[in-house]
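J.: here's a sequence, model it:
(2 chains)
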Amino acid sequence: AQSVTQLDSQVPVFEEAPVELRCNYSSSVSVYLFWYVQYPNQGLQLLLKYLSGSTLVKGINGFEAEFNKSQTSFHLRKPSVHISDTAEYFCAVSGIQGAQKLVFGQGTRLTINP
Amino acid sequence: DTEVTQTPKHLVMGMTNKKSLKCEQHMGHRAMYWYKQKAKKPPELMFVYSYEKLSINESVPSRFSPECPNSSLLNLHLHALQPEDSALYLCASSPQGASATDTQYFGPGTRLTVL
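T.: Residues are numbered from 1 along each chain as shown, chains lettered A, B, ... in the order given. Down below sits the predicted model:
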């Protein structure tokens, strides 16, 4: 079984400042890792995913994440945030075998202040 | 067409009612999913259909009954629900039959209130 811990439930940041949203996972098997974003009153949208290869993954809207196997982490970063980045961010894992079963973390609410 | 649509947007029902949620995609995706999301919580997987066959049921109570009439359509039939079933119900689809590497595309959800 897999589990995901998002270490911060809320992160307030000023506009144009950098941000890091932290994610740690636990699994007895190899996993794929995902970051999804949920804007208010909307469904989820994929930001990026790590499947294999380079541990630095670039996604949409200027976000990137780094997979660290030894620390079982997959932190999300953006060098300069905008008001429009205000949303709930979910880290998720799925085992690499069988059908995809996403297990989500509890989410991090990113609030951008002007 | 690059979106997943869900109807209705909002639904209020009594505990003795029977209702259905509908999800549709026209992207040619071969897997479809139902999730339940309580307020300020992450989505929880309920069901997965792959190539129109039920492949995962996460021990969901029988008062929730999924149906996949064709590859573009997914229904969730509701009967004798409890107030604690009130939540946002999200539908998603993915291209490759629930492959572990797939990206899931989510609809906006149906907000269900059970009185």
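J.: low-confidence ranges in chain B?
T.: Within chain B, the segments meeting pLDDT under 70 span B:1-2.
J.: that one: strands as residue ranges?
T.: Ranges of strands in chain B, per DSSP state E, are B:4-7, B:10-13, B:18-25, B:31-37, B:44-50, B:53-57, B:64-70, B:73-79, B:87-94, B:105-106, B:110-114.
J.: let me have those in CSV, extended by mean neighbour count.
T.: Heads up, the C-betas are built off the backbone N, CA and C, glycines and all. Output for the strands of chain B, formatted as CSV (neighbours: other C-beta atoms under 10 Å in any protein chain shown):
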stretch, mean neighbour count
strand B:4-7, 18
strand B:10-13, 14
strand B:18-25, 18
strand B:31-37, 25
strand B:44-50, 21
strand B:53-57, 13
strand B:64-70, 15
strand B:73-79, 19
strand B:87-94, 24
strand B:105-106, 22
strand B:110-114, 18
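J.: switch those strands over to CSV; also include distance to residue A:42.
T.: Below are the strands of chain B laid out as CSV (distance: least, C-beta to C-beta, whole Å):
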stretch, distance to residue A:42
strand B:4-7, 11
strand B:10-13, 15
strand B:18-25, 15
strand B:31-37, 12
strand B:44-50, 18
strand B:53-57, 24
strand B:64-70, 23
strand B:73-79, 19
strand B:87-94, 10
strand B:105-106, 8
strand B:110-114, 12
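J.: quick one: which of these is nearest residue A:62?
T.: Residue A:62 lies closest to strand B:105-106 among those, at 21.0 Å (C-beta to C-beta).
J.: contacts for that closest one next, please.
T.: A:36, A:43-46, B:2-4, B:25, B:27, B:29, B:90-94 (C-beta atoms under 8 Å, 6 or more residues apart in numbering or on different chains).
J.: which residues touch residue 113?
T.: Defaulting to chain A. A:12-15.
J.: not quite, go with chain B.
T.: Neighbouring residues of residue B:113 by C-beta under 8 Å, 6+ apart: B:10-13, B:86.
J.: for residue A:1, same thing?
T.: A:27-28.
J.: so residue A:56 is in contact with residue A:66, correct?
T.: Yes - look at residue A:56 against residue A:66 with C-beta atoms under 8 Å: they come within range, at 5.3 Å.
J.: neighbour count: those two, which is higher?
T.: Comparing residue A:56 with residue A:66 by neighbour count (other C-beta atoms under 10 Å in any protein chain shown), the higher total belongs to residue A:66, at 16 against 11.
J.: from chain B, how far off is the more buried one?
T.: Residue A:66 is 19 Å from chain B, where distance means C-beta to the nearest C-beta, to the nearest Å.
J.: separation between that residue and residue A:22?
T.: Using C-beta to C-beta, to the nearest Å, one gets 11 Å for the distance from residue A:66 to residue A:22.
J.: who touches both of these two?
T.: Counting by C-beta under 8 Å, 6+ apart, the residues touching both residue A:66 and residue A:22 are A:73, A:75.
J.: give the buried subset of the contacts of residue A:113 as a PyMOL selection command.
T.: Burial among the contacts of residue A:113 is assessed by 16 or more other C-beta atoms under 10 Å in any protein chain shown; the matching PyMOL selection reads:
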select buried, chain A and resi 13
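J.: just the contacts of residue A:113 now: which is nearest chain B?
T.: residue A:12 (16.6 Å; C-beta to the nearest C-beta).
J.: right, and that closest one touches residue A:111 too?
T.: Yes - using C-beta under 8 Å, residue A:12 is in contact with residue A:111, at 4.7 Å.
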